[in-house]
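A.B. asks: give me the fold of what follows.
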Amino acid sequence: YKVNQNELFVNEFNSYDNVFATNFNSAFLPYPLYDMHGKSLGGLSTFSKYQIKEAHRKEYTISESLSKFFDLDRCFSIHRIEVNNNKNLFILNSHMSAYDKGGVIRKKQIEELNYFLLSHQDDYIIVGGDFNHDLLTYNPEFNYTNENKPFNNVLKDPDWVSPYFTSNKKSMLVDNFKIVASDNEPTCRNNDIPWDPSLTYKCVVDGFIVSNNIEVINHYNVETPEGNLNYKGFAYSDHQPAFMTFKLK
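C.D. replies: A predicted model of the protein is given here:
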């Protein structure tokens, strides 16, 4: 609707360093047929009150099927902040693929992200974003299973959700890193029907990957709008924010 959201953030946080990494730039997207998107430009915005010394964009592998004409050019953006102990803090902003049947492409994307993590193990690393994976089911930090999924009042997961953890509570994530996800509120909902808290599929696909040399102090998901009892969540989007405070060890 011709609203430059990134510009709004830049103006609001005008004392912050900021980086924008494009992951969707379409001259005209003819979808859906009766209410076309038209021209679309989107990406990942990252803001830091500490100086970002270096930033660059890393492409993820995407599907070569017909879906690539409708999907984003998936990527993660990398931001290096110098720390006074001669290390770096790398903040990564990531958006993995959705609508990937069986999670084949997302498996490759996890491998590509792991390659970066392994390459910078001596530094501090936080990856935040939309992983398009269910981050809670079989997560060793919780007791959720396929028969006991949080927020889920729909029997079958939609095809855009892939599990991050296996039934034995393992994942593809490399050693010395952990998933930080919260279960107080869902962060994502299906948009196949108008929002209905009692009927709409909900899950947690947004969160963080954190290196073990970082202490996580607090984390939770934010219901939008906060404190408005007349509107129960997802006021502005099909996602809700994930929040975390941390300390470098």
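A.B. asks: tell me the helices and strands packed up against the longest helix along the chain.
C.D. replies: In the chain, with assignment by DSSP state H, the single longest helix is helix 104-119. Helix 104-119 sits against strand 75-82, strand 88-95, strand 124-130, strand 206-211, with contacts defined as 3 or more C-beta pairs under 8 Å, 6 or more residues apart in numbering; DSSP states H and E. For glycine as for every other residue, the C-beta is placed from the backbone atoms N, C-alpha and C.
A.B. asks: list the buried ones in it?
C.D. replies: Ile105, Arg106, Lys108, Gln109, Ile110, Glu112, Leu113, Phe116, Leu117 (16 or more other C-beta atoms under 10 Å).
A.B. asks: and the next helix or strand past the longest strand along the chain?
C.D. replies: When the chain is scanned for its longest strand (criterion: DSSP state E), the result is strand 17-29. Per DSSP states H and E, the first helix or strand lying C-terminal to strand 17-29 is strand 38-48.
A.B. asks: tell me what that next one is packed against?
C.D. replies: With contacts taken as 3+ C-beta pairs under 8 Å, 6+ apart, strand 38-48 sits against helix 5-12, strand 17-29, strand 75-82, strand 88-95.
A.B. asks: again, 6 Å this time
C.D. replies: strand 17-29 (3 or more C-beta pairs under 6 Å, 6 or more residues apart in numbering; DSSP states H and E).
A.B. asks: what sits opposite Leu41 in the beta ladder?
C.D. replies: Asn25 (DSSP bridges).
A.B. asks: and it, how many neighbours does it have?
C.D. replies: Leu41: 12 surrounding residues under other C-beta atoms under 10 Å.
A.B. asks: distance check, it against Phe246.
C.D. replies: According to C-beta to C-beta, to the nearest Å, Leu41 stands 32 Å off from Phe246.
A.B. asks: now do Asn25
C.D. replies: Taken as C-beta to C-beta, the span from Asn25 to Phe246 is 33 Å.
A.B. asks: who's more crowded, those two?
C.D. replies: The residue with more neighbours, out of Asn25 and Phe246, is Phe246; 17 against 12, by other C-beta under 10 Å.
A.B. asks: I'd say the more buried one and Asn213 touch.
C.D. replies: No: look at Phe246 against Asn213 with C-beta atoms under 6 Å: they stay out of range, at 10.6 Å.
A.B. asks: contact partners for Tyr201?
C.D. replies: Contact partners of Tyr201, counting by C-beta atoms under 6 Å, 6 or more residues apart in numbering, are Val154, Pro158, Asn190.
A.B. asks: and the lowest mean pLDDT element among the helices and strands of this protein?
C.D. replies: strand 162-163 (a mean of 86; mean pLDDT, DSSP states H and E).
A.B. asks: check which helices and strands it is in contact with.
C.D. replies: Using 3+ C-beta pairs under 6 Å, 6+ apart, strand 162-163 is in contact with no helix or strand.
A.B. asks: cutoff 8 Å now
C.D. replies: strand 133-134.
A.B. asks: parallel or antiparallel, which strands does the strand it packs on pair with?
C.D. replies: Going by DSSP bridges, the partners of strand 133-134 are strand 162-163 (parallel).
A.B. asks: just how off-centre is the strand it pairs with within its chain?
C.D. replies: 14 Å (C-alpha atoms, centre = their mean, to the nearest Å).
A.B. asks: which helix or strand lies directly C-terminal to that strand?
C.D. replies: strand 177-180.
A.B. asks: neighbouring contacts of that following strand?
C.D. replies: Contacts made with strand 177-180 from outside it, assessed by C-beta atoms under 8 Å, 6 or more residues apart in numbering, are listed as 117, 125, 135, 139, 141, 164, 171, 173, 207-212, 216, 219, 244.
A.B. asks: go again using 7 Å as the cut-off
C.D. replies: Here strand 177-180 makes contact (C-beta atoms under 7 Å, 6 or more residues apart in numbering) with 117, 135, 139, 164, 173, 207-212, 216, 219, 244.
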